[in-house]
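Novice: here's my sequence, what's the structure:
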Amino acid sequence: MSTATASRRHEQERTRRRHRLAAALRLFARFGFDEGAGGHITARDPEHLDTFWINPFGVNFAHVRASDLLLVNGSGDVIAGEGRINPAGFIIHSSIHHARADVVAVAHSHSVHGRAWATLGRRLAPLTQDACAFYRHHEVFDEFDGVVLDLDEGKRIAARLAGNKAIILRNHGLLTVGGTVDEAAWWFIAMDRACQVQLLAEAAGKPVMISPEAAESTAAVMGTPAMGRLNFRPLYYDIIRSEPDLLE
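Specialist: Numbering: from 1, shown residues only. So this is what the prediction gives:
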């Protein structure tokens with residue numbers, strides 16, 4: 001492959017990832033996952049693999065466009081775009097991107113149901129078909145020492161996440177990852193809903209859990225990367241049709 005061809009392919013993929021990232025942020029706003037200046041979604045650059053794109057600090061998710069995204073290097077320097085980055089967001093996301101070469105995107109926000117569930121400090125149970133997507137594929141980070149501003153804590157979160165698709169940060173919220181922006185965003189949406197369902201079910205009575213065997217087989221269908229991409233697709237096309245300015 002010629003240098004020019006490789007460059008064009010990188011640019012096409014870069015544009016694709018930035019469009020998906022801006023769309024995911026708009027969707028998070030639509031789902032009510034935004035709160036103040038908290039929350040961040042990142043996407044690794046397809047060419048410069050030690051850098052990633054992130055939403056600018058202090059800009060409402062509902063207003064982010066692809067052109068507003070910032071490219072950040074491993075030292076936390078903004079090397080493309082104009083704006084500031086969330087310091088805690090950089091520490092968490094950079095640690096995960098560094099530890100997981102397979103991860104293209106990381107999503108974290110302070111969603112209401114995710115935060116409520118995170119106070120319990122335990123994994124989700126396989127109560128529904130959708131919750132099975134996370135069966136034996138999510139962890140709990142059971143430390144909380146305040147806002148994550150210590151690189152060592154970011155590394156501990158990444159280590160606890162290990163090879164899973166999601167982690168519950170105790171007393172903090174949810175974090176999901178994926179091989180595409182589509183996957184990471186969908187897993188976050190699905191996990192927050194799973195938290196909401198389990199909170200409601202446990203408030204109403206004693207839920208009946210799906211058996212380990214059935215949960216395992218359901219996870220093999222509902223928890224695949226392809227399923228994550230499939231479920232994100234209609235949300236993506238809906239948001240770019242209703243809010244086309246996000247692609248600017």
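
Novice: going forward, measure contacts between C-alpha atoms and count neighbours the same way
Specialist: Will do.

Novice: what distance do you get for residue 235 to residue 35?
Specialist: Separation of residue 235 from residue 35 (CA to CA, to the nearest Å) stands at 21 Å.

Novice: likewise residue 171?
Specialist: Residue 171 is 16 Å from residue 35, where distance means CA to CA.

Novice: which of those two has more residues huddled nearby?
Specialist: Taking neighbours as other CA atoms under 10 Å, residue 171 and residue 35 compare with residue 171 leading, 20 against 14.

Novice: tell me who's in contact with that one.
Specialist: 115-116, 118-121, 144 (CA atoms under 8 Å, 6 or more residues apart in numbering).

Novice: mind checking which of these are buried?
Specialist: 115-116, 118, 121 (16 or more other CA atoms under 10 Å).

Novice: what about those, which are in helices?
Specialist: 115-116, 118 (DSSP state H).

Novice: nearest the geometric middle of the protein, what residue?
Specialist: residue 107 (1.9 Å; CA atoms, centre = their mean).

Novice: ok so that one is a helix residue?
Specialist: No - assigned with DSSP: H, G, I helix; E, B strand; the rest coil, residue 107 falls outside any helix and is strand.

Novice: looking at the nearest residue to it once chain neighbours are set aside now. What's its pLDDT?
Specialist: Nearest residue to residue 107 in three dimensions, chain neighbours excluded: residue 41, at 4.4 Å (CA to CA, 6 or more residues apart in numbering). We have a pLDDT of 98 for residue 41.

Novice: assess the claim that residue 41 and residue 55 are in contact.
Specialist: Yes - between residue 41 and residue 55 there is a contact at 6.6 Å, judged by CA atoms under 8 Å.

Novice: settle it for me: which of the two has more neighbours?
Specialist: Taking neighbours as other CA under 10 Å, residue 41 and residue 55 compare with residue 55 leading, 29 against 26.

Novice: how far away is the more buried one from residue 150?
Specialist: 21 Å.

Novice: after the biggest helix by length in the chain, which helix or strand is next?
Specialist: Identified as the longest helix of the chain according to DSSP H is helix 3-30. Reading on from helix 3-30 to the C-terminus, the next helix or strand found by DSSP states H and E is strand 40-44.

Novice: and that next one, which strands flank it?
Specialist: Looking at strand 40-44 with DSSP bridges, its partner strands are strand 52-54 (antiparallel), strand 105-109 (antiparallel).

Novice: where do the strands sit along this protein?
Specialist: Per DSSP state E, the chain carries strands over the ranges 40-44, 52-54, 70-72, 78-80, 105-109, 138-141, 166-169, 173-178.

Novice: distance to residue 23 added to these, as JSON lines?
Specialist: Output for the strands of the chain, formatted as JSON lines (distance: least, CA to CA, whole Å):
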{"stretch": "strand 40-44", "distance to residue 23": "11"}
{"stretch": "strand 52-54", "distance to residue 23": "13"}
{"stretch": "strand 70-72", "distance to residue 23": "15"}
{"stretch": "strand 78-80", "distance to residue 23": "19"}
{"stretch": "strand 105-109", "distance to residue 23": "13"}
{"stretch": "strand 138-141", "distance to residue 23": "25"}
{"stretch": "strand 166-169", "distance to residue 23": "20"}
{"stretch": "strand 173-178", "distance to residue 23": "16"}
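
Novice: these: which one's closest to residue 242?
Specialist: Smallest distance to residue 242 across the strands of the chain (CA to CA): 21.0 Å, for strand 40-44.

Novice: ok now that closest one, how far from the chain's centre?
Specialist: 7 Å (CA atoms, centre = their mean, to the nearest Å).
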